[in-house]
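Student: Okay, sequence plus prediction incoming.
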Amino acid sequence: MTNVISLEHLRKTYGNVVAVDDVSFEVEQGEIFALLGPNGAGKTTTVECLQGLRHPDSGSIRVLGLEPRDPGLRGRLGSQLQESALPERIKVWEALDLFASFGARGGDWRSLLEDWGLADKATGFFSSLSGGQRQRLFIALALVTSPEIVFLDEMTAGLDPAARRTAWHLIQKVRDSGVTVVLVTHFMDEAEHLCDRIAVINQGRVAALGSPQHLIANYAPEIRVSFDYAGNDVDWLERTPDVISAVKRGQRMEVLGSDAVIVRVAAALAERGLAPVDFRVQQPSLEDVFLRITGAPE
Amino acid sequence: MTTLRKLSWVELKLFVRDPFTLIFTFAFPFFVLFILASVFGNQLENEEDVRVWRGVGPTDYYVPAYVGLVFASIGLLALPLRLAGYRERGVLRRFRASSLPIWSILGSQLIVGALMAVVGALSITIAARIAFGTFWPRHLPELLIAFLLSFLTFGTIGTLLGAVLPNSRAAQSAGLILFFVMFMISGSGPPRETFGDTMRTLGEVLPLTHVILVLQDPWLGYGWAATSALVTAGFLIGSALLSVRFFKWE
């Protein structure tokens, strides 16, 4: 695996505000890499520095082996930015045709129109597009030069659930063609489903880094089992192996435990002839990791 | 080069799709020319008229002035509005993320502006000729240089305004004020010979006054307005330097 992005000790302040304190990571070719974090954590500033839109106060950045803003990067990076727009009266196909000319390799914008559901809007003005259509156009524009790295900042903001799934599917296809994708998001499901590796950014620093499974295993490994105990004596569950805690909440018993807890609890209940209704298992998710790392109340 | 060509082509279409700039670049100068031509006619009655209208009929006097006004409209309204609006809306940021060099963005604006200036100048000249029998420009080679100098001056003034004005609202207000002040006291409204000292002096500091003189002199057959050409060049260089100094992407 080769690194297409390497970032060392990035720091960026705006006046007295430290936007990025100290961020380092590397992105490998062909992976979907996400920057995940709460609002104001420094995610956007970090990718803006990578794209040469901002000058860091200190730190070193290499993108495809070059400095950001190196003319050699022209057309090799695709980008979808937060807070950007197009002229009101540019037509969808004109925007794609124009942005395709920014790269040396050009690109087939007609297939992007189809992929991103914009074919019937091709001759419409930008001003006539809905929020979701605009968003899809921006993603298409990011891809139109057939870039080697694509930066997508809040890619699915403003998309409905079906369009989000489609977007994920298309981004996976883009990655499968060898393109590296750097994603900024605060959607947990997006990061968990789509990404190979995630850097959790909190207060301008990398708080955790790894695959979603790795992060879950390291930061929030507990499985939650709950069921309706219907007045039966279940206090003995606390002493069952692999159980960390067992607490009654109203009519429900909530058991927290490590890996094998599901089988342990189920077997122990069956042994005592109990078959509680509404037996539920909740696997740990990235959200648990996120809340634990960012210190938000559970 | 493909990028510059594509960008200019798109910008040209955007220019044509924008009623505000279209009206001020094409309709307004025509409109005023036709009103003034019907008020003043194209005949000189006495010695005083000869002085006021620089020795030619009023309508002949106004044709080069309105060519200047077309340039002013492009430089004071169309260009700043576009550039400031692009900055405000994040279009410049988007272009920058695509590593688009600044010269191709400004270049495409100037190419489209120049094209519109040529179309505006030709249509004013031809329309006035057909409607009022005005004469063709008399010193063509000098006029071409004057044309280039005048357009580039308003082009860079437009770039400067687009660089310093924060958003399209500011660009539109500032542009309209500058446009109408210049229109009234630069010789494209009432002739400057009818002004008192204060108005004349005020006119001296405005670029349109000098641009009109630079265009009028060869047009009316008086050779070359050297002083005004120098002042115009001063505006050109000054605004170019300030644009470079103050241009912001976002």
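Tutor: Okay, I see it. Numbers count the residues shown, from 1 in each chain, chains lettered A, B, ... in the order given.
Student: make it CA atoms for all contacts and neighbour counts henceforth
Tutor: Will do.
Student: Which helix or strand contains the spatially most central residue of chain A?
Tutor: Geometric centre of chain A, nearest residue: A:A191, 3.1 Å, by Cα atoms, centre = their mean. In the assignment (DSSP states H and E), A:A191 maps to helix A:188-194.
Student: Which strands or helices does that helix pack on?
Tutor: Counting contacts by 3 or more Cα pairs under 8 Å, 6 or more residues apart in numbering or on different chains; DSSP states H and E, helix A:188-194 is packed against strand A:32-36, helix A:161-176, helix A:286-294.
Student: Nearest to B:V244, out of those?
Tutor: Nearest to B:V244 among these is strand A:32-36 (35.5 Å), distances taken as Cα to Cα.
Student: Restrict that closest one to CA atoms and write it as CSV.
Tutor: The C-alpha coordinates for strand A:32-36 follow below in CSV (Å, rounded to 0.1, in the frame of the first residue of the first chain):
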residue,chain,number,x,y,z
ILE,A,32,-12.3,5.4,2.0
PHE,A,33,-11.0,7.5,4.9
ALA,A,34,-13.3,9.4,7.1
LEU,A,35,-12.7,12.4,9.4
LEU,A,36,-15.4,12.1,12.0
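Student: After it, which helix or strand is next?
Tutor: Trace forward from strand A:32-36 with DSSP H and E and the next one is helix A:43-50.
Student: Assumed A:T145 was part of a strand.
Tutor: No - counting by DSSP: H, G, I helix; E, B strand; the rest coil, A:T145 is located in no strand; its state is coil.
Student: right, and it touches A:R74 too?
Tutor: No - counting by Cα atoms under 8 Å, A:R74 is not a contact partner of A:T145; they are 9.5 Å apart.
Student: So which of those two has more stuff around it?
Tutor: Between A:T145 and A:R74, counting by other Cα atoms under 10 Å in any protein chain shown, A:T145 is the more crowded of the two (27 against 20).
Student: Do you know the pLDDT at the more buried one?
Tutor: Note for A:T145: predicted pLDDT of 88.
Student: and it, how far is that from chain B?
Tutor: According to Cα to the nearest Cα, to the nearest Å, A:T145 stands 10 Å off from chain B.
Student: Give me the phi and psi for whatever residue of the stretch 101-250 of chain A ends up closest to chain B.
Tutor: In the stretch 101-250 of chain A, the residue that lies nearest chain B is A:S101 (5.3 Å; Cα to the nearest Cα). The phi and psi values for A:S101, taken as degrees, to the nearest 10, are phi -80, psi -10.
Student: With A:L256 instead?
Tutor: The phi/psi pair for A:L256 (degrees, to the nearest 10) is phi -110, psi 130.
Student: surely it meets A:F227?
Tutor: No - between A:L256 and A:F227 no contact is recorded; they are 12.0 Å apart, counting by Cα under 8 Å.
Student: These two: which has the busier surroundings?
Tutor: Neighbour count, other Cα under 10 Å: between A:L256 and A:F227, A:L256 has more, with 22 against 18.
Student: So what sits opposite the nearest residue to that one once chain neighbours are set aside in the bridge?
Tutor: Nearest non-adjacent residue to A:L256, counting by Cα to Cα, 6 or more residues apart in numbering or on different chains: A:R224, 4.7 Å away. Counting by DSSP bridges, A:R224 is bridged to A:L256, A:Q282.
Student: For the closest residue to the residue of the stretch 101-250 of chain A closest to chain B other than its chain neighbours, the count of nearby residues, please.
Tutor: Here the nearest residue to A:S101 in space, its sequence neighbours aside, is B:T3; by Cα to Cα, 6+ apart that works out to 5.3 Å. Neighbourhood size, B:T3 [other Cα under 10 Å]: 19.
Student: so B:L215 makes contact with B:F147?
Tutor: Yes - the pair B:L215 / B:F147 is scored as a contact, 6.6 Å apart, by Cα under 8 Å.
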